[in-house]
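Q: sequence and predicted structure, then a few things I'm wondering about:
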Amino acid sequence: MQNQHSKNIAVLLLGTLFISTSGVLGKYIALSPELIILCRAFLAGIFIYIFCKIKKVDLKIKCKKDAISFLISGFLMGAHWVTYFYALKLANVALGMLSIFTYPIITAFLEPLFTKQKLNLIHILLAVLVFFGVFILIPEFSFENDEFKGILLGILSAFFYAIRNLTVKKQVKNYNGSMLMFYQMIVVFILLIPILLYSDLSNVYSQIPFLILVALLTTAIGHTMLVNSLKHFSAATASIISSVQPIFGIIIAYIFINEIPSPNTFIGGSLVLLTVVIESFRSKK
């Protein structure tokens, strides 16, 4: 039992590491956020479909109610990605990634509305600690400041992400995680097709290697591992444990684009990491 719990934690953290590459890639890819997400969803959908066929994963939707739920979760996933990538463009990787990790707070408060689970005081306290870590990162409360706008978009992205995870939590009991991600990619792609009418496509071909990377490693592998982890953890627990994602992202940004975090980033990041350690041990019980 103990080994199984450790394995589940390890899979969740590995998936989180893969998802963490989105920060650097979102900042580095020289395309609009909407176009990046359109390409990301298209390529990830192909990769996931191939995987499902190889593993003989059933792609059949059981009822109309589930189809509507898939549509909603796909819309939320797309909204989360677009607002998150705008946050990365406006702020640096550290601020963009850390700001979306207000979503454990949102998850902790919203989960009782989606499940029979009662509001957990420990989750709230840990989530508040994450929020405080993000709060100290804000440079100034001014809409003229791009970093402030980036943080606000990051928080909006967190709201979409929290509701998406809570929606998927209900679905993952009856469907394979890869199958859920496949249909979300279809929804995201279809919803973003209209942007092709006004987007500048001249730079797409030069960005294909990075688009493939964000589609395969970050999305097809990372997000599928995260969805599958919801079988073993509550949405609140999974969200708090995966709050280590900004730490991974900051390290990756430092290595690949030489982005050096400020002292406040280290303080806020340390608070986030502390909640991950606490929840990892607490959830073991």
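A: Everything's here; your move.
Q: CA atoms only for stretch 164-180, dumped as PDB, please.
A: Coordinates of each C-alpha in stretch 164-180 appear next as PDB, following Å, rounded to 0.1, in the frame of the first residue of the first chain:
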ATOM      1  CA  ARG A 164     -11.900  21.800 -15.600                       C
ATOM      2  CA  ASN A 165     -10.100  19.400 -13.100                       C
ATOM      3  CA  LEU A 166     -13.300  19.100 -11.000                       C
ATOM      4  CA  THR A 167     -15.300  18.300 -14.200                       C
ATOM      5  CA  VAL A 168     -12.700  15.700 -15.300                       C
ATOM      6  CA  LYS A 169     -12.600  14.200 -11.800                       C
ATOM      7  CA  LYS A 170     -16.200  12.900 -12.400                       C
ATOM      8  CA  GLN A 171     -15.400  11.600 -15.900                       C
ATOM      9  CA  VAL A 172     -12.200   9.800 -15.000                       C
ATOM     10  CA  LYS A 173     -14.200   7.200 -13.000                       C
ATOM     11  CA  ASN A 174     -15.800   5.900 -16.200                       C
ATOM     12  CA  TYR A 175     -13.300   6.800 -19.000                       C
ATOM     13  CA  ASN A 176      -9.700   6.300 -19.700                       C
ATOM     14  CA  GLY A 177      -7.500   9.500 -19.100                       C
ATOM     15  CA  SER A 178      -6.100   9.400 -22.600                       C
ATOM     16  CA  MET A 179      -9.600   9.200 -24.100                       C
ATOM     17  CA  LEU A 180     -10.700  12.200 -22.100                       C
END
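Q: now it: how far from the chain's centre is it?
A: The chain centre lies 15 Å from the centre of stretch 164-180; the measure is C-alpha atoms, centre = their mean, to the nearest Å.
Q: now swap in stretch 215-224 and tell me
A: 10 Å.
Q: give me the buried stretch members for that stretch, please.
A: A215, L216, L217, T218, T219, A220, I221, G222, H223, T224 (16 or more other C-beta atoms under 10 Å). All C-beta atoms are positioned from the backbone trio N, CA, C, and that covers glycine.
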